[in-house]
Each structure stands twice: as structure tokens, then as C-alpha cells.
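Pasting a predicted model and its sequence here:
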Amino acid sequence: MIHVGDAAPDFELISDSEETVRLNDLRGKRVIVYFYPKADTPGCTKQACAIQDLGPQIRDAGVTVIGISPDAPKKLAKFRAKYDLDFLLLSDPEHVVAEAYGAWGEKSMVGKTYQGIVRSHAAIDEQGTIAAIQHKVKPLETAELWKMWKEA
């Protein structure tokens, strides 16, 4: 499990546009990485659209947003196009990055337990250090995470 002050686990994932994205390439920028279970489902759509609605303010604060799910890049591309999302969506089908960030774990639905994405988000500062991290967040909470830098 990672904590505030730890180095952010680096990653290399494929985007919705089939491009490779490396966290290390964003060093020097403030980044919000958020993990969501499945594109185009009610909670995940609410989360993405809340971030999109604040997009200009987030960009003005110099923050890059990255959404990560186990979905395939083509499904992410459809999700991005459907809601006109202007931030990165990355595919983590083997949930390696989700595990590194503590966003993969036991969940339950209708009395059954299974492993899956635990809705989470992390703020990473310019030096690549975890500035904030939360698990089991509500969909609308991620959109507000960028304010920590606005108020700093």
C-alpha cells in the first residue's frame, strides 16, 4: 500500500487512442490518477462527467487528469467520444497499476464477493510524490481533488 509522501508507482499503459502513456513522462507536472471500475456505467459516467465539467479550472491549475480502468482501449475510446472527455483514459486489463496504487481489492455485490477496482484517486506532485491518496471514494469526490493545489 502506498501513502502520502511515497514515490508514485510509475506505469506504462495504452490509452484510448492506442498510444503508450508513461507516468514518468509527466514528471514536472501535477497529475491526478483515478481508478474506476467500468466505462459507461452510471457511477463511472458520473465521475468522468464531473471531472469534465471542471476541466477548464483543472487545466488552469496546471493539473493533468488520467482515468484508469480494466477496459480495452476501444471501449475507452467510445466512452471518451460519447461524453466528449478531454482527459486521458488508460487501459489496465491486468490491473497491475491498480494493484500498485491499492485500487484493486475485494468487493461485494448481491451477497457475492469478487476482486475488482476499488474506486480510488491519487494526486501526484511535480516531483512524482503522492500528495494525496484515497480509496473507496464516491464518484463526485475525484472532481474536487484538484482544489488541493489551487488552495496551496
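The structure has been received and is ready for your questions. The model shown is predicted, which means the values in this text are computed figures rather than measured ones.

Show me what the longest helix belonging to the chain is packed against.
Longest helix in the chain by number of residues (criterion: DSSP state H): helix 42-53. On a contact count with 3 or more CB pairs under 8 Å, 6 or more residues apart in numbering; DSSP states H and E, helix 42-53 meets strand 63-69. For the C-beta atoms, the positions are set from N, CA and C on the backbone; glycine is no exception.

What ranges does this structure have for its helices?
42-53, 55-60, 73-82, 96-100, 147-150.

Now mean neighbour count and distance to Asp16 too, for those, in JSON lines please.
Converted to JSON lines, the helices of the chain look like this (neighbours: other CB atoms under 10 Å; distance: least, CB to CB, whole Å):
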{"stretch": "helix 42-53", "mean neighbour count": "18", "distance to Asp16": "12"}
{"stretch": "helix 55-60", "mean neighbour count": "14", "distance to Asp16": "16"}
{"stretch": "helix 73-82", "mean neighbour count": "17", "distance to Asp16": "4"}
{"stretch": "helix 96-100", "mean neighbour count": "18", "distance to Asp16": "15"}
{"stretch": "helix 147-150", "mean neighbour count": "15", "distance to Asp16": "25"}
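
export these to JSON lines and tack on mean pLDDT and distance to Lys112?
Output for those, formatted as JSON lines (pLDDT from 0 to 100; distance: least, CB to CB, whole Å):
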{"stretch": "helix 42-53", "mean pLDDT": "94", "distance to Lys112": "18"}
{"stretch": "helix 55-60", "mean pLDDT": "88", "distance to Lys112": "36"}
{"stretch": "helix 73-82", "mean pLDDT": "97", "distance to Lys112": "24"}
{"stretch": "helix 96-100", "mean pLDDT": "97", "distance to Lys112": "20"}
{"stretch": "helix 147-150", "mean pLDDT": "71", "distance to Lys112": "36"}
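
Quick one: closest of those helices to Leu13.
helix 96-100 (6.3 Å; CB to CB).

okay, and for this structure, where does confidence drop off?
Within the chain, the stretches with pLDDT under 70 are 149-152.

before we move on, back to that, include distance to Val137 when you put the helices of the chain into TSV, please.
As requested, the helices of the chain are exported to TSV (distance: least, CB to CB, whole Å):
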stretch	distance to Val137
helix 42-53	9
helix 55-60	16
helix 73-82	19
helix 96-100	14
helix 147-150	14
